[in-house]
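K.L.:
3D model of this:
(chains A and B)
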Protein chains: 2
Amino acid sequence: IKANDDKELHKLLDEFHYADIAEILDEVNLDEATYVIKLLDSETTSDILTELDEDIRERVLKNLSAKEIAEEVEELDTDDAADIILELPEERQEAVISHIEDQEHKAEITELLAYDEDTAGGLMAKELVKVYETWTVAGCMRRIRGQAEEVTRVHSIYVVNKEEKLIGRLSLKDLIVAKNDQKISDLVKVNVDYVNVNDDVEDVAKVMAKYDLEAIPVLDDNEVLLGRITIDDIVDVLKEEAEKDYQLAAGITGDVDSDDSILELTRARLPWLFLGLVGGIGAFLIMEGFQDTFNKYAVLFFFTPLIAAMAGNVGVQSSAIIVQGLANDDVKGSVNNRLIKEMLLAALNGVILAVFLFLFVWVTKGEINTAFAISVSLVAVIIVAGLIGTFVPLFLDKRGIDPAIATGPFITTSNDILGILLYFWIAKMILGI
Amino acid sequence: IKANDDKELHKLLDEFHYADIAEILDEVNLDEATYVIKLLDSETTSDILTELDEDIRERVLKNLSAKEIAEEVEELDTDDAADIILELPEERQEAVISHIEDQEHKAEITELLAYDEDTAGGLMAKELVKVYETWTVAGCMRRIRGQAEEVTRVHSIYVVNKEEKLIGRLSLKDLIVAKNDQKISDLVKVNVDYVNVNDDVEDVAKVMAKYDLEAIPVLDDNEVLLGRITIDDIVDVLKEEAEKDYQLAAGITGDVDSDDSILELTRARLPWLFLGLVGGIGAFLIMEGFQDTFNKYAVLFFFTPLIAAMAGNVGVQSSAIIVQGLANDDVKGSVNNRLIKEMLLAALNGVILAVFLFLFVWVTKGEINTAFAISVSLVAVIIVAGLIGTFVPLFLDKRGIDPAIATGPFITTSNDILGILLYFWIAKMILGI
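P.N.:
Predicted structure coming up:
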């Protein structure tokens, strides 16, 4: 197929959706991908570009001239265009922008480039259908026929006053049902949700998910309508957020996936492993400190991996629940109540597990005192681990730090050390060594 | 406010969005919530019900009669109505259905109840705008004005032939731009994505996210149009999936949140902790088996928590990346290549960490042989842990089991035991004990 038979290839690819072509291009080699992009017209290829894997897009764009990129960008909605330009090195950004022929499109993209990527401004598109409150339904329909050409999907028609401030919205449905000579100001729905251009994208996602919105208008501080955000962009934001949190909980930082290079993956994974190494050395020092105990109660040492594992597991469980609750805004009530609840929960789990451990040690070792000491320590370790797992994310959140970093290796490591220390200390006390 | 002043309360709540009222009701006590639900008209309360927290909804519904629930359900779209009825105990389900007055609504809800919750059929709504290919634009507009009353948001107009089979779609925009006497069959866009009624919801979510769709038609095996799924339902599916995977990775099964009772939380957490306990006992038995070594090389024992922690962390990292890749369908290529890559990655990370560990043991203990033995074992343990973390999810996925269960405690525990065993075995060999 790749035998340079342009016409055949053209015919073949014409039948595919651009998202499918992007998937194929993710697989083939770079030269072939660039070749296909240059072959197809920019109306299709611009959409393909937005769907390509980020790494591959970066390399394909390197093979295109600034003028060629500008042609692709002309075909895209302003938000996608701005995203692609932002991925280019800075000197190329200006070259590409200067090649955009449509002056209005150019101005809008330049405006979007100025907003922070993580704000509503960085996510919004300038394409929307806007009407003035003073118009009639008939005039409105005429204008919409014009404006709607540019806008891929009409979600809502936004109604503004002559100062461009948002007054309300209309649906196409309302307009179709209305009479031709009705005034827009009589039809407009005034209760309309909106976000500020500086709002965090995560907050935008929450508002849209909560009210089941499919598009939301973006206003500046003076309530002037600047753009709109559609739900498909929010779906991407939600997916990225979820992946980031999942990776953080597993001890992986940065946006990596399984196809990234070994070096990129090492950079994402090694720091957390190093934390584990430091924690392990801490555990070593603690055990060494209790070395004298060993001659009498060697069995205590053989249970350290068990204690460390339980402390780690409980810590991760309790922190995961709190982190998720914080993300969903449903952690209410005082910190103290949370801690008391987690203490009761950990105590219940701890006692159940300790009974099993007690029976195991008693039956196999026949030493009831040792069995008792190990089991009591286990309960204490589980309670403390649960409290730390609950407290740390709440504390970080209060301090304005993303609590998601407090799951996974971070909690495991700190609980490992503390758990082992507590274990030896309590066991020594009970056994009276 | 809650002093039974009906009128005041009515006025106050009228200004709120139903999602906000639901949030308030999640907080107040049950009697007050039921009181508010009974006070407001069913048009508002039905929406509030869908937004309430599941546990609270269950209790509120218990306080309503079958007839009252039927009134709420009448106001809802078929998909939300079916979801609420499904939450009721079986004998009440029938009572509620028998009280629904609108026969068409009743038939549609009964149809939806028959589909599995995790399939497209379980997610779809019957409300959609449907036109026949033989109609003209003018006739079509007339019908849409009628149908659209029922449909909250018109995403696409679906075009069917006289056998009710889906032929294509139209947008409202296309219709507005078209001339009145044009035939629908001339305007229809034939390339339309759809899903089968038995498709898994996760697959539906993938298709919609990939093609940036806002609604997708649902067909039966004969291509007859049955209903449609909208993107806001998909947003909920994606959020639930992400939360489930996150909790599984932290060793929590079942859909719990931080406000659930201690008993529910114990049921979700204890099984995984028990797995950890069994693993810890395994580690104990291994260490006991190597007890003789202790007299000569006690220091080896003090590093077991470090080895166990590293094995666990590496395993979780590699499994998380694979699980996420599988969820996104971007794990391609052979299993062998994956394993070779992970082996190189783990070896690189392992060697870097081992060098640090070697220096630490050598400097503090002065025993170069011991330092060497521990470090070499660490590299081996990390490689094996990485391979297990990669292989297990791939294996589960091939067997049709959700690979997400292979993260967290499962991988940690198995890697703990295997890591400790490998560690003592290699260290013993190198030290020639």
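K.L.:
ok, A:Lys206 to B:Glu101 distance?
P.N.:
Separation of A:Lys206 from B:Glu101 (Cβ to Cβ, to the nearest Å): 37 Å. (Glycine included, C-beta is placed from N, CA and C.)
K.L.:
neighbour count winner among the two?
P.N.:
A:Lys206 (16 against 9; other Cβ atoms under 10 Å in any protein chain shown).
K.L.:
okay but that one is in contact with A:Asp329, surely?
P.N.:
Yes: if you go by Cβ atoms under 8 Å, A:Lys206 and A:Asp329 touch, sitting 7.1 Å apart.
K.L.:
Any idea which helix or strand in chain A has the lowest mean pLDDT?
P.N.:
Ranked by mean pLDDT, DSSP states H and E, the helix or strand of chain A with the weakest confidence is helix A:6-14, at a mean of 69.
K.L.:
Can you identify the element that follows that helix toward the C-terminus?
P.N.:
helix A:18-27 (DSSP states H and E).
K.L.:
name the element the residue nearest to A:Tyr18 when sequence neighbours are not counted belongs to?
P.N.:
Closest residue to A:Tyr18 apart from its sequence neighbours, by Cβ to Cβ, 6 or more residues apart in numbering or on different chains: A:Asp47 at 4.0 Å. According to DSSP H and E, A:Asp47 maps onto helix A:42-51.
K.L.:
Tell me which residues are up against the helix or strand following that helix.
P.N.:
Where DSSP H and E defines the elements, the next helix or strand beyond helix A:42-51 is helix A:54-62. By Cβ atoms under 8 Å, 6 or more residues apart in numbering or on different chains, the residues outside helix A:54-62 that reach it are A:25-26, A:30, A:33-34, A:37, A:49, A:52, A:69, A:84, A:87-88, A:260.
K.L.:
Same check on stretch A:291-306?
P.N.:
Applying Cβ under 8 Å, 6+ apart, the external contacts of stretch A:291-306 come out as A:283, A:287, A:357, A:361, A:365, A:367, A:370, A:373-374, A:378, A:420, A:423-424, A:427-428, A:431, A:433, B:276-277, B:279-281, B:283-284, B:287-288, B:291, B:294, B:298, B:301-302, B:304-305, B:308, B:416, B:420.
K.L.:
Tell me which of the residues you listed fall in helices.
P.N.:
Counted as lying in helices by DSSP state H, out of the contacts of stretch A:291-306, are A:283, A:287, A:357, A:361, A:365, A:370, A:373-374, A:378, A:420, A:423-424, A:427-428, A:431, B:276-277, B:279-281, B:283-284, B:287-288, B:291, B:294, B:298, B:301-302, B:304-305, B:308, B:416, B:420.
K.L.:
Please pick the buried ones from those.
P.N.:
A:283, A:287, A:357, A:361, A:370, A:373-374, A:378, A:420, A:423-424, A:427-428, A:431, B:276-277, B:279-281, B:283-284, B:287-288, B:294, B:298, B:301-302, B:304-305, B:308, B:416, B:420 (16 or more other Cβ atoms under 10 Å in any protein chain shown).
K.L.:
Return the distance of the residue nearest the centre of chain A relative to B:Ile307.
P.N.:
Nearest to the mean C-alpha position of chain A, counting by Cα atoms, centre = their mean, stands A:Glu241 at 1.0 Å. Distance of A:Glu241 to B:Ile307, computed by Cβ to Cβ: 34 Å.
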